[in-house]
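Visitor: Starting from these lines, generate the structure:
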Amino acid sequence: MQKLIGFNIKRNKKLLVADIIKFFEVRGYELTDVNALGLVFRRGTVLGNFIYLNPIKWNTKVNIEIIKKERMDYDIYATYHFSTIDPFLLKEENEYFNAETNAFSKAIQEFDVDVDQVEQLALQSSNSNYQYMLISLPIGILISITLLFLINTTIEGSLPIWIASIICVATTLLTYLSWIKFKKQ
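Guide: Here you go, the predicted model:
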């Protein structure tokens, strides 16, 4: 998912760049590229998307573009690339991503950001993911057991364990994704 935020600021460029770098480093990002157009920050890992429920630990890339309009007058564009699947985005995750992008604008323009609020939204998102998993796990297992029972009664012999395991995992995952879709509506 991608989010773009832009704003204008009148400030010395060296101080502006220093403030941007400080903001992202405090938030746990790592500066990975600096070029004539701007800065690139990264946080989290691709593996973190699969292991952690907390969106703070997910793979995120931020491209900052600084465009000079006049002397000490700059347009700042921040493009956040959150590694999540849009159709299965939880409401709490979306609120966190919006707060994350707005925190950057507020911090640079007004020198004011409520980090605790952003962290709280990330925690709520993590808790929602956990609750959805707890709900979908028994339902998915029940559906997969029913499905495996029906398959085993219609075929001769029995289903190999590795195929049954794949069916169980796929059914539980589909139940989780269906539950998210249902709750979004």
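Visitor: And for Glu71, the neighbour number?
Guide: If you look again at residue 71, you'll see it is Arg, not Glu. When neighbours are defined as other C-beta atoms under 10 Å, Arg71 has 8 of them. From N, CA and C alone the C-beta is placed, and that goes for glycine too.
Visitor: How much space separates it from Asn12?
Guide: Applying C-beta to C-beta, to the nearest Å, the value for Arg71 to Asn12 is 10 Å.
Visitor: ditto for Lys91
Guide: Lys91 sits 40 Å away from Asn12, going by C-beta to C-beta.
Visitor: and what of Ile145?
Guide: From Ile145 to Asn12 the distance is 66 Å (C-beta to C-beta).
Visitor: Looking at the two, which has the bigger crowd around it?
Guide: Taking neighbours as other C-beta under 10 Å, Ile145 and Asn12 compare with Ile145 leading, 14 against 11.
Visitor: mind checking the SS state of the more buried one?
Guide: State at Ile145, reduced to three classes by DSSP: H, G, I helix; E, B strand; the rest coil: helix.
Visitor: for it, what are its contacts?
Guide: By C-beta atoms under 8 Å, 6 or more residues apart in numbering, the contact set of Ile145 is empty.
Visitor: Output the host helix or strand of Ala78 as PDB - backbone C-alpha positions only.
Guide: According to DSSP states H and E, Ala78 maps onto strand 73-82. Extracted in PDB, the C-alpha atoms of strand 73-82 (Å, rounded to 0.1, in the frame of the first residue of the first chain):
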ATOM      1  CA  ASP A  73      10.900  27.700   0.400                       C
ATOM      2  CA  TYR A  74      10.600  24.000  -0.200                       C
ATOM      3  CA  ASP A  75       7.800  21.500  -1.100                       C
ATOM      4  CA  ILE A  76       8.200  18.200   0.700                       C
ATOM      5  CA  TYR A  77       6.700  15.000  -0.600                       C
ATOM      6  CA  ALA A  78       6.800  11.800   1.400                       C
ATOM      7  CA  THR A  79       5.800   8.600  -0.300                       C
ATOM      8  CA  TYR A  80       5.200   5.800   2.200                       C
ATOM      9  CA  HIS A  81       5.300   2.200   0.800                       C
ATOM     10  CA  PHE A  82       3.800   0.000   3.500                       C
END
